[in-house]
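**Student:** Predicted model and sequence follow; I will ask about them next.
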Amino acid sequence: MKILETKDLKKYYGEGNNLVKALDGVSLSIEEGELVAIVGCSGSGKSTLLHMLGGLDYPTSGTVHVAGKDIFKLNETELTIFRRRKIGFVFQSYNLVPILNVYENIVLPMELDGRKPDQKYVGDILDMLGIADKVDRLPGQLSGGQQQRVAIARALVTKPSIVLADEPTGNLDSRTTQEVLGLLKLTGERFHQTIIMITHNEALAQLCDRVIHIEDGKITDDYSTCGGVSYEK
Ligand code: ADP
Ligand code: MG
């Protein structure tokens, strides 16, 4: 099933001499369950694309359909609810709340949505990500790799159908990078999620199902790989 589709998506910033075409006519279609890498140089429009896919920002023109729904036809409240329930974001900078402990950070999206966290499911995620013994720690007491795992757990807690990750391994060493990708893949398979991940790392991209290259706001290449990472817990 097609889970995500963009048609002639454009995002322009500024005007006149300062006009930046961050996205300049992106049309793509992503199947449910795909693990997609988005690759491109700095400034090529990757984050802008991810933000549009998740309804974090409005495009200048074009459409984004998620599970058949035109998300930019929703009003602001509906869009917020859609985002909370359907999309899990993993930001490169983790965006953890420093004064909340690991557990509180992870369940925050549920609480913002007025829902009770499913304790068993939270426990499963914590086990899978290997951070079950860290729930009482503050983010500042964790390594970068551990903080990234917390950010991933937080993205998964609402059982989103789509996980959008902006350079989730950008600050990690190569071993942890492999591990984080393996975990994303594992959780994706386990919870039937579609995962779209931005990366600078071409080798890492090859471990995804599909690689989309972006240059100057346009797709320049889009292909399936025969790779795939296996992850042993
Ligand atoms: P990437 O994630 O690939 O590094 P971005 O999507 O962040 O690229 O940015 C694409 C282009 O859009 C860049 O030229 C960037 O400077 C510009 N851009 C991004 N966000 C804004 C903004 N809020 N205002 C003005 N220009 C922006
Ligand atoms: Mg970026």
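**Tutor:** Yes, it's here. Ligands and ions are numbered 1, 2, ... in the order given.
**Student:** Residues contacting the helix or strand bottoming out on mean pLDDT in the chain, please?
**Tutor:** Ranked by mean pLDDT, DSSP states H and E, the helix or strand of the chain with the weakest confidence is helix 174-190, at a mean of 81. Residues from elsewhere that reach helix 174-190 (C-beta atoms under 8 Å, 6 or more residues apart in numbering): 33, 35, 125, 128-129, 144-145, 148-149, 152, 156, 163, 165, 168-169, 172, 193-195, 197, 201, 204, 207-208, 228-231, 233. C-beta coordinates here come from the backbone N, C-alpha and C atoms, glycine included.
**Student:** So what pairs up with the residue most central in space within the chain in the strands?
**Tutor:** In the chain, the centroid-proximal residue (C-alpha atoms, centre = their mean) is Leu164; its distance is 1.4 Å. Applying DSSP bridges to Leu164 yields these beta-bridge partners: Phe89, Ile196.
**Student:** could we number from 788 for the rest of this?
**Tutor:** Sure, I'll start counting at 788 from here, so that last one is Leu951.
**Student:** Verify the contact between it and Ile874 for me.
**Tutor:** Yes: assessed by C-beta atoms under 8 Å, Leu951 is found in contact with Ile874 at 6.2 Å.
**Student:** where do the contact lists of the two overlap?
**Tutor:** Gly841.
**Student:** On the pLDDT front, check the residue nearest to Leu887 when sequence neighbours are not counted for me.
**Tutor:** Nearest residue to Leu887, sequence neighbours excluded (C-beta to C-beta, 6 or more residues apart in numbering): Leu895, at 6.9 Å. pLDDT, Leu895: 94.
**Student:** What segments of this protein are strands?
**Tutor:** 789-800, 807-818, 822-826, 848-853, 856-857, 874-877, 949-953, 981-986, 997-1002, 1005-1011 (DSSP state E).
**Student:** how close does the nearest residue to Phe978 once chain neighbours are set aside get to ligand 1?
**Tutor:** In space, not counting the residues next to it along the chain, Phe978 is nearest to Lys946; the distance is 6.4 Å by C-beta to C-beta, 6+ apart. Per C-beta to the nearest ligand atom, to the nearest Å, Lys946 is found 27 Å from ligand 1.
**Student:** Please name the residues that touch the closest residue in space to Ser829 that isn't next to it in sequence.
**Tutor:** Distance criterion C-beta to C-beta, 6+ apart; nearest residue to Ser829, sequence neighbours excluded, is His987 at 8.0 Å. Contact analysis of His987 by C-beta under 8 Å, 6+ apart lists 826, 829, 954, 957.
**Student:** so the last one touches Gln879, yeah?
**Tutor:** It refers to Gly957. Yes: at 4.8 Å, Gly957 counts as touching Gln879 under the criterion of C-beta under 8 Å.
**Student:** How confident was the prediction at the nearest residue to Arg870 once chain neighbours are set aside?
**Tutor:** Excluding its sequence neighbours, the residue lying closest to Arg870 (C-beta to C-beta, 6+ apart) is Gly842, at 5.2 Å. pLDDT, Gly842: 94.
**Student:** Ok, the one 3 residues further on next?
**Tutor:** Tyr845 is assigned a pLDDT of 94 by the prediction.
**Student:** Show the contacting residues for it.
**Tutor:** Contacts of Tyr845 (C-beta under 8 Å, 6+ apart): 839, 859.
**Student:** Around ligand 1, pick out the residues from the chain.
**Tutor:** 800-801, 807, 809, 827, 829-835 (C-beta under 6 Å from any ligand atom).
**Student:** Tell me which two of these sit farthest apart.
**Tutor:** Farthest-apart pair in those is Gly801 and Gly827; separation 20.2 Å (C-beta to C-beta).
**Student:** Pick out whichever of the two has more residues nearby.
**Tutor:** Shown here are Gly801 and Gly827; by other C-beta atoms under 10 Å, Gly827 has more neighbours (22 against 10).
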